[in-house]
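K.L.:
Next one to model:
(2 chains)
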Amino acid sequence: MLSIILPSIRPHNLDKLYHSIICDCFELIIISPYDLPDCLKQYKNIKYVRDFGSPVRASQIGATLAEGKYITWMADDGVYINSLDNIIKMLNNDDNTKNVVCCKYTEGDGIVHNDNYYLLQNAYPYVSCVKSNWWIFNLGIMHTSYFNSLGGWDCSFETTALSHADLALRAQLDNASVNMLQTVLIECTHMPNITGDHAPVHYAHTEHDANFYSIKNQHPQIKIDINNWKNSPKIWSRRFV
Amino acid sequence: MYNITICIPSIRTERQADLYDSIKNSVENYSFELILVGTSIHQNLVGLPNVKFILSYSAPARCAQIGFLLSESEIITWGSDDGRFQPKALKECIDLLLSKTTKDGITIRYCEGPNFTGSCPDDSYWTGYTHADQRLIGVNPSWKIAPVGMYYTETFYKLGGFDCRFEHLNMCCHDLAYRIQKNGGQIYLSPNLVINCDQNPGTQEHAPVQNAYFINDLPLWNSLYNKENNIINIDYDNWKKAPSVWRRFK
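P.N.:
Numbers count the residues shown, from 1 in each chain, chains lettered A, B, ... in the order given. Sure thing, here's the model as predicted:
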């Protein structure tokens, strides 16, 4: 089974997202301060947790409840446009639990970027320990056991982008084997800067996460405490106050 | 970090707001979070940051185990959604537990009866030997039972919480209380009645619980305790092996 972690503030998108999932056996774990839409309450493969924390804390809480052999994550302004089953098969065909499969995605403009766009050193602030061929994990699928052994996401970050980057750094520092596919797995919308509902994410990124990522990874630590979410604020004040 | 997490597996959404208020009055100056695990949450509780809700269709034992995964407190307890916590009663229990070691626990006294008319059993009720289904080789007759217990969260995690092969929150609570005592912990009775439950045995709502007891939990109990039983620690993730949809929701 595949566990799909989904921190969400956009309940109106969830029905479309759920029905876009092409996967033989999955659970969708939604963490949101808002009600689960009625139309989704009938599905027994949806888990739902109410929480007012940051997107990263929400994601980590979701991961705590994951029962799948594999884990992935998703943004609630996206839909899947390709099957996840082939990726699961790839992971199933190899016993190495440190295998991670990453996929491409589009944001708003539909443009599929070349590989350079998905390299960790190009996408996020410079960190000296990052090798030039390391990938970002904005869209990754990995063994849940490996995810847990790394401790998942660092909830000192507020937004998912840099927590994924941090996870990617720690996994590749740990010699994870990452396969970046050319497959475009999801289509997302794009809200630049403070447009739409994106302002809290924009400010979290620029005022905290980017700088924290650089400073923290001057002395990178591969494994962190899986329960680190308990040290993060219960209410993400940038959005919910 | 809260002082205490109260986890309630819940199917009676309409009672949750009253339950929350009763907890508030019961803990007094201690901070708390309520974790509801079940099919829905009362609208009055939706915006409260100290209320978590987890959607789950699984058995009460599995619901509680999942709920405590998300605990952010030093101490945990649980209850049923047809209960009302008595004023000041949880505060007294927390005071008592905080004066003991982290291995120890509290038996939360409760009573059950239609329209909250039950009366609290006397002290002897809270030992295993009082109950016919507990007179087995693997049960020390002097051990206390704690169908509702209060423990340090770290100890609950360390021992692995509930055995989710049980369905109802009863036998798995006995099992946990016995493991606490086998681990060298002592269980103290709550100073006073803590929860008054509006129990209506024999109703259709109660049928899945009764079925769980007779079809699954009691036979499992006998298989585990009708012999020497030295198990103290179990795997916390054992909930993942239990069905995600319980007999009530099929």
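K.L.:
Might you report the residue contacts of residue 45?
P.N.:
This is for chain A. A:26-28 (CB atoms under 8 Å, 6 or more residues apart in numbering or on different chains). Any C-beta I mention is one placed from the backbone N, CA and C, and that applies to glycine too.
K.L.:
Chain B, not that one
P.N.:
Residue B:45 sits in contact with B:16-17, B:20, B:34, B:36, B:51, B:53, where contact means CB under 8 Å, 6+ apart.
K.L.:
now it: how far from residue B:247?
P.N.:
Between residue B:45 and residue B:247 the computed distance is 27 Å (CB to CB, to the nearest Å).
K.L.:
Quick check, pLDDT for the residue lying closest to residue A:176 once chain neighbours are set aside.
P.N.:
In space, and not counting its chain neighbours, residue A:176 is closest to residue A:98: 4.5 Å by CB to CB, 6 or more residues apart in numbering or on different chains. On pLDDT, residue A:98 comes in at 97.
K.L.:
which ones are touching residue A:98?
P.N.:
For residue A:98, the contact set (CB under 8 Å, 6+ apart) comprises A:143, A:146, A:171, A:174-177.
K.L.:
okay, among the residues you listed, which ones form the most distant pair?
P.N.:
Between all members of these, the longest pairwise span (CB to CB) is found for A:143 and A:175 and amounts to 14.3 Å.
K.L.:
if you count what's nearby, which of the two comes out ahead?
P.N.:
Taking neighbours as other CB atoms under 10 Å in any protein chain shown, residue A:143 and residue A:175 compare with residue A:143 leading, 19 against 8.
K.L.:
Residue numbers of chain B in contact with chain A?
P.N.:
Taking CB under 8 Å from any CB of the partner chain as the criterion, the neighbours of chain A within chain B are B:1, B:41, B:46, B:49-57, B:66, B:69-70, B:72, B:240, B:244-245, B:249.
K.L.:
swap the cut-off to 10 Å and go again
P.N.:
Within chain B, the positions adjacent to chain A are B:1-2, B:33, B:35-37, B:39-41, B:43, B:45-58, B:66, B:69-73, B:157, B:237, B:239-241, B:244-245, B:249-250 by CB under 10 Å from any CB of the partner chain.
K.L.:
Which of those are buried, as a PyMOL select command?
P.N.:
In PyMOL, the members of the residues of chain B next to chain A classed as buried (16 or more other CB atoms under 10 Å in any protein chain shown) are selected with the following command:
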select buried, chain B and resi 2+33+35+36+37+39+40+41+45+50+51+52+53+54+55+56+57+58+66+69+70+71+72+73+157+239+240+244
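K.L.:
tell me the centre residue of chain A?
P.N.:
The residue at the geometric middle of chain A, judged as the C-alpha nearest the mean C-alpha position with CA atoms, centre = their mean, is residue A:73 (4.1 Å).
K.L.:
And it, what's its pLDDT?
P.N.:
The score at residue A:73 is 98. That number is its pLDDT.
K.L.:
any idea how far it is from residue A:127?
P.N.:
Distance from residue A:73 to residue A:127, by CB to CB: 21 Å.
K.L.:
Which residues does residue B:4 form beta bridges with?
P.N.:
Beta-bridge pairing of residue B:4, defined through DSSP bridges, involves residue B:32, residue B:75.
K.L.:
Was I right to think it contacts residue B:85?
P.N.:
No - taking contacts as CB atoms under 10 Å, residue B:4 lies outside contact range of residue B:85: 11.1 Å.
K.L.:
Name the residues contacting each of the two.
P.N.:
In terms of CB atoms under 10 Å, 6 or more residues apart in numbering or on different chains, residue B:4 and residue B:85 are both contacted by the residues B:23, B:26-27, B:77.
K.L.:
Please indicate which of those has the highest neighbour count?
P.N.:
Note: the member of the shared contacts of residue B:4 and residue B:85 with the most neighbours is residue B:77, at 30 neighbours, neighbours being other CB under 10 Å.
K.L.:
With adjacent residues omitted, what lies nearest to that one?
P.N.:
Of all residues beyond its chain neighbours, the one nearest residue B:77 is residue B:150 (4.2 Å), with distances taken as CB to CB, 6+ apart.
K.L.:
does that neighbour really touch residue B:75, like I thought?
P.N.:
Yes - the pair formed by residue B:150 and residue B:75 meets the contact definition of CB under 10 Å, at 6.3 Å.
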